[in-house]
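Novice: Here is a sequence with its predicted model. Questions after.
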There are 2 protein chains.
Amino acid sequence: MRILVLGGDGYLGWPQSLYLSSKGHDVTIFDNLMRRHFDLEHGFHSLLPISTLHERVAAWKEVSGRQIQLYIGDTMDYEALAAVFRAFQPEAVVHFAEQRSAPYSMIDRKHAVFTQTNNVIGTLNVLYAMKEFVPNCHLVKLGTMGEYGTPDIDIEEGFIEIHHKGRSDVLPYPKQPGSVYHLSKVHDSHNIMFCCKVWGLRATDLNQGIVYGVETDETTQDARLATRFDYDQIYGTALNRFCTQAAVGYPLTIYGKGLQTRGYINLRDTIRCIELAITSPPKEGEYRVFNQITEQFSLVELAEMVASQSKRLGLETQIGHLPNPRVEAEQHYYNAVHTRLIELGLEPHLLNGSVLESLIGLALKHREDIDRSLIMPTVSWRTTKNEVSPTDY
Amino acid sequence: MRILVLGGDGYLGWPQSLYLSSKGHDVTIFDNLMRRHFDLEHGFHSLLPISTLHERVAAWKEVSGRQIQLYIGDTMDYEALAAVFRAFQPEAVVHFAEQRSAPYSMIDRKHAVFTQTNNVIGTLNVLYAMKEFVPNCHLVKLGTMGEYGTPDIDIEEGFIEIHHKGRSDVLPYPKQPGSVYHLSKVHDSHNIMFCCKVWGLRATDLNQGIVYGVETDETTQDARLATRFDYDQIYGTALNRFCTQAAVGYPLTIYGKGLQTRGYINLRDTIRCIELAITSPPKEGEYRVFNQITEQFSLVELAEMVASQSKRLGLETQIGHLPNPRVEAEQHYYNAVHTRLIELGLEPHLLNGSVLESLIGLALKHREDIDRSLIMPTVSWRTTKNEVSPTDY
């Protein structure tokens, strides 16, 4: 199948592209290299060294004999986007080409405006390009579980049957996103649902949980095929930060009470889920939503798992609490349905000791490269700035 | 009270500014004159002649002795927006500064992108300006009843209590907007709700129905104070188009079956509702939603009311049906709760014979200026274009 991966240079986009290529699909990457620019902007780096996109693609050719095609371009540039749709005629589009960090979107007004413009308008352009060039193509769009927030009822997969005053209807699940970034994903969801309805496009919206892990069957074949491991306050997830803190003997820093519960998924499962979505496409005009998680943990549970695994590795690990820089419920009900991908055939890899050991091992191996000053949060939801100011890390 | 009216030159913004000024408030208008630009772009005009913004403000000073201050600027230009917030220190902001036509947003990709960028990012800028300069200021934001779509259950005012699997929560009412424009209002609602939560801003989101009428106690004091009457396919509402068609002896053109039911409100009630919202502000951090309608009608009911009133005026009026250029349910349940503004003291002016007579009378009076080619729809939801093309009207 001809598959276009938008944002194929990122943490997920790259191993996804490799995986689909390894399965014999004809893969084209479209990427504006923005994720690498964010590193430059903030002085961040992937703890696991990564090659340039051109080196990666060449290494994959060398290792597998398979060619991934490459377009450097921006979803905000409709001319560039149209060119790849016109030339490649994709049968499926996997859309990772969004700014995906909540703290990044909360730095200041300019970062907020950038996030919503890039994500929402970029996706609008993708929808128009599909309509114009490949109306039967299947859009596989990465959403986030964070769109739902933390309602006091079970979270369903995109839609909920509501009984109200003696009548009932199945309606889009109410959204309570917790950052300007999460808001952008909610906006996307509404835009995509509408375009499916009016133009007959077909789309799968994957409300993904927090992804962990760096290894796939493809990335481990050559060091040049590695994907990112981020531990900084902006792009590092709590789990990555905890593993990094454990490696350097720093307390694991939980934001607030730490009873914030979220859905998680292994990188290997993420790339498999997207393949499952692609191989069982929705009908013409159908907009469907899958919750792409396999387990849920609170921050405290996560920290305790890291601490106990660290102990087995001979590390002394404390757990500390920081004032929460975010505005969120720190203790809440959380139960998110996630059966649709299992029904399609997903066999989950769970977060066990050996996964944690490999992540902590990665941090230990690259211990000398860890910049501790990048871990502590400086972006506050309550006091987000308005204008550009010197970076304070 | 110091009240900033964003978009104070438009159909609603202008009579709103006059009304608040007449009540003794200190009113400043911020407007980029975009609505007049849309007329230039399409060769449209208000059937009721309107003065320039500068003439209007001068005429109001002459008639009432009251000064409305004027800033020409764009909400997309944060520097300009910040300047007026800094200088004027508003206690309330009434935000009309959005592209407000569904067909306009569906012309082509560029008009879609413009609508969502202008509306969503413009409003984000307003929220950041409030946070920076006047965190206690009250945002009165114009939303639309079209955010809800046509669910098969009663429409509540912004939030709904959902009982699900033995638990319950009050959550944002699910949204099913029917155009790129309506989507932009849904995006705004989510953004505003979030900023109230994280920054403690206070906001009233007025999900307004379709407004009709041109006369208020202020606009009728001098011809130079008139507000717009649009009858074209892009900016004219169905009621305005019907009144105009009746005046020139053309069949009233209903889109599809005509059982599409919507909420309506008189211009006099709209401006009163906003005053009621301003004088009973929400608490710090509160985001509240009022459904700003007083009645609901189907298109067929509306056409029949216009036809019967026309007959009384000696006009021969037929009713016809056109293929629906929109994608929408043409027969559906519709029952929208609208009690919160009544509870605050609204006394509705309903759509009666004398209101219809005055609208048809307006069209008759300016009959020579009616361009019939502007009324028939050319913008199709299903075949919206991608690139700029010659206007086909």
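Specialist: Looks like it arrived, so ask away. Numbers count the residues shown, from 1 in each chain, chains lettered A, B, ... in the order given.

Novice: what about the closest residue to A:Ile360 other than its chain neighbours, neighbour count?
Specialist: Leaving out its chain neighbours, the residue that sits closest to A:Ile360 by Cβ to Cβ, 6 or more residues apart in numbering or on different chains is A:Cys243, at 4.8 Å. Bear in mind the C-beta positions are built from the backbone N, C-alpha and C, glycine included. Counted by other Cβ atoms under 10 Å in any protein chain shown, the residues lying close to A:Cys243 total 28.

Novice: For the helix or strand hosting A:Cys243, which helices and strands make contact with it?
Specialist: Using DSSP states H and E, A:Cys243 falls within helix A:238-247. When contacts are defined as 3 or more Cβ pairs under 8 Å, 6 or more residues apart in numbering or on different chains; DSSP states H and E, helix A:238-247 packs onto strand A:210-212, strand A:252-255, helix A:299-312, helix A:353-365.

Novice: So what angle separates the directions of that helix and helix A:299-312?
Specialist: 30 degrees (axes from the mean of the first three to the mean of the last three Cα atoms, to 10 degrees).

Novice: how about helix A:238-247 as PDB, C-alpha atoms only?
Specialist: C-alpha atoms of helix A:238-247 as PDB (Å, rounded to 0.1, in the frame of the first residue of the first chain):
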ATOM      1  CA  ALA A 238       7.100  11.600  33.300                       C
ATOM      2  CA  LEU A 239       8.300   8.000  32.800                       C
ATOM      3  CA  ASN A 240      11.400   9.200  30.700                       C
ATOM      4  CA  ARG A 241      12.200  11.800  33.300                       C
ATOM      5  CA  PHE A 242      11.900   9.400  36.200                       C
ATOM      6  CA  CYS A 243      14.200   6.900  34.500                       C
ATOM      7  CA  THR A 244      16.700   9.600  33.800                       C
ATOM      8  CA  GLN A 245      16.500  10.900  37.400                       C
ATOM      9  CA  ALA A 246      17.000   7.400  38.700                       C
ATOM     10  CA  ALA A 247      20.200   7.100  36.600                       C
END
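
Novice: what's the angle between that helix and helix A:353-365?
Specialist: 60 degrees.

Novice: Can you pull out the residues in contact with helix A:238-247?
Specialist: Defining contact as Cβ atoms under 8 Å, 6 or more residues apart in numbering or on different chains, one finds that helix A:238-247 is touched by A:47, A:210, A:212, A:229-231, A:233, A:236, A:251-255, A:264, A:299, A:302-303, A:306-307, A:310, A:315, A:317, A:356, A:359-360, A:362-364, A:367, A:370, A:375.

Novice: Helix, strand, or coil at A:Val170?
Specialist: Of the three states, A:Val170 takes strand according to DSSP: H, G, I helix; E, B strand; the rest coil.

Novice: so it makes contact with A:Glu157?
Specialist: No - between A:Val170 and A:Glu157 there is no contact under Cβ atoms under 8 Å: 11.6 Å.

Novice: quick one, which of the two is more surrounded?
Specialist: In this view A:Val170 and A:Glu157 are compared by other Cβ under 10 Å, and A:Glu157 has more residues nearby, 19 against 14.

Novice: so who does that one touch?
Specialist: Contacts of A:Glu157 by Cβ under 8 Å, 6+ apart are A:Asn207, A:Val289, A:Phe290, A:Asn291, A:Val337, A:His338, A:Thr339, A:Arg340.

Novice: I'd like to know which of those are part of helices.
Specialist: A:Arg340 (DSSP state H).

Novice: Could you tell me which residues make contact with the residue nearest to A:Lys257 when sequence neighbours are not counted?
Specialist: Spatially, and ignoring its direct neighbours in sequence, A:Lys257 is nearest to A:Glu330 (3.9 Å; Cβ to Cβ, 6+ apart). Counting by Cβ under 8 Å, 6+ apart, A:Glu330 makes contact with A:Gly256, A:Lys257, A:Gly258, A:Leu259, A:Gln260, A:Asn324.

Novice: Distance from the chain centre to the helix holding A:Cys243, please.
Specialist: Here the centre of helix A:238-247 is set off from its chain's centre by 18 Å, with Cα atoms, centre = their mean, to the nearest Å.

Novice: next one: stretch A:43-59
Specialist: Taking mean C-alpha positions (Cα atoms, centre = their mean), stretch A:43-59 and its chain are 18 Å apart.
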